[in-house]
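Asker: can't give you the sequence, but here's the structure:
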């Protein structure tokens, strides 16, 4: 079969993979004999195995793919996946191969966009594949930035865990953090990752700055996507929707970092933004409810904003007065917490959705809801949600 046939197969599998990995795997396995020695095919097959939780099979095909393509001329993902599976110094070495190739490709794309080289037969083979997949230099650059962020984050994670006892661990973390900042500073996930590193290093002020920068960049990105979706007729709506949906989990992660740093109002805002993307996102609703609860605790116990992280670490030591008048400064946060957690509980009536949520988190959500006053059947101030609506919807779900 031709190269175009292979690329079309991989494209089809990649489209199906996020929503139906079993189908993508079945489609790919139909060509296992045909492409048994093709690293690009094996890379995609390995990803499908990972998505179906078959790590052993993924390891086998990804290892072979890396052996067939030792310098990542035909795809870098296999090195990233295998590096994270293996971990340790061998894992770092694999990840570094993928990163080196991405940097090389970034340089080629930059030369291409400046007109210094032409998209002809002499073009880098990896960039040719990316051009076929993404169509234009700007989208390729976005892909490279995303993958660089992912790969460097994986290296830093290994140095902070598997290799943390080695004397060069801290220096390696800082080296890769600097590389990430230099090459991907416009990516909101870059600053979220760096915030995580600073939290681990117990540098809360630096973490706070990175969270604020990440949040600002996420807001701009989210607004841009919404504007494009509402005004442009020449953009594939499915592509924009996918980019929009893909922001959900990074925003939830950032909201958790903000909570850890005592930035409770910011954390609630970020989680609320994630909920805009997925209104049934139980994890986002939980973080929104929890961060509002912590802010109420902070206010009632006269803890300064600067010391808010103390509340986050030791919240079980503090008592919340849940029945307070509307004039109390903590009332708004208690009410917001009840609303978010009530929405989370309501989402959990969907048994299919609930099956995807950790049981411990489900218990935590319900326990926390009781602490802030129980299920909110009617929001106080012009919510648009009334008691009868909530009761009717819940009754239908229970039926």
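Answerer: Alright, I've got the coordinates. Since the model is a prediction, treat every value here as computed from it, not as a measurement. Numbers count the residues shown, from 1 in each chain.
Asker: where does pLDDT dip in this structure?
Answerer: Judged against pLDDT under 70, the low-scoring parts of the chain cover residues 1-2, 119-123, 125, 133, 232-235, 377-399.
Asker: find the nearest non-adjacent residue to residue 310, please.
Answerer: Spatial nearest neighbour of residue 310, excluding adjacent residues (C-beta to C-beta, 6 or more residues apart in numbering): residue 303 at 6.4 Å. From N, CA and C alone the C-beta is placed, and that goes for glycine too.
Asker: do the same with residue 38
Answerer: residue 6 (6.7 Å).
Asker: cool, and residue 44?
Answerer: residue 10 (4.9 Å).
Asker: and what of residue 325?
Answerer: residue 331 (6.8 Å).
Asker: what backbone torsions are found at that neighbour?
Answerer: Dihedral pair for residue 331: phi -60, psi -50, per degrees, to the nearest 10.
Asker: from residue 300, how far off is it?
Answerer: 10 Å (C-beta to C-beta, to the nearest Å).
Asker: name the residues contacting each of those two.
Answerer: Residues touching both residue 331 and residue 300 (C-beta atoms under 8 Å, 6 or more residues apart in numbering) are residue 324.
Asker: isn't residue 248 right next to residue 287, touching?
Answerer: No. At 11.9 Å, residue 248 does not count as touching residue 287 under the criterion of C-beta atoms under 8 Å.
Asker: how far does stretch 13-25 sit from its chain's centre?
Answerer: Centre-to-centre, stretch 13-25 and its host chain are 19 Å apart (C-alpha atoms, centre = their mean, to the nearest Å).
Asker: count residues in the vicinity of residue 81, would you?
Answerer: 25 (other C-beta atoms under 10 Å).
Asker: how about the closest residue to residue 250 other than its chain neighbours, what does it touch?
Answerer: The shortest distance from residue 250 to any non-neighbouring residue, by C-beta to C-beta, 6+ apart, is to residue 189 (5.3 Å). By C-beta under 8 Å, 6+ apart, residue 189 lies in contact with 146, 149, 153, 214, 250.
Asker: one more time with 10 Å, if that's ok
Answerer: 145-146, 149-150, 153, 180, 214, 217-218, 221, 247, 250-251, 253-254 (C-beta atoms under 10 Å, 6 or more residues apart in numbering).
Asker: tell me the secondary structure for it?
Answerer: Assigned by DSSP: H, G, I helix; E, B strand; the rest coil, the conformation of residue 189 is helix.
Asker: relative to residue 201, how far out is it?
Answerer: Taking C-beta to C-beta, one finds residue 189 at 19 Å from residue 201.
Asker: run through who's touching stretch 124-143.
Answerer: With C-beta under 10 Å, 6+ apart, stretch 124-143 has contacts from 3-4, 7-8, 10-11, 14, 40, 72-76, 101-102, 104-114, 117, 119-121, 123, 144, 186-187, 239, 243.
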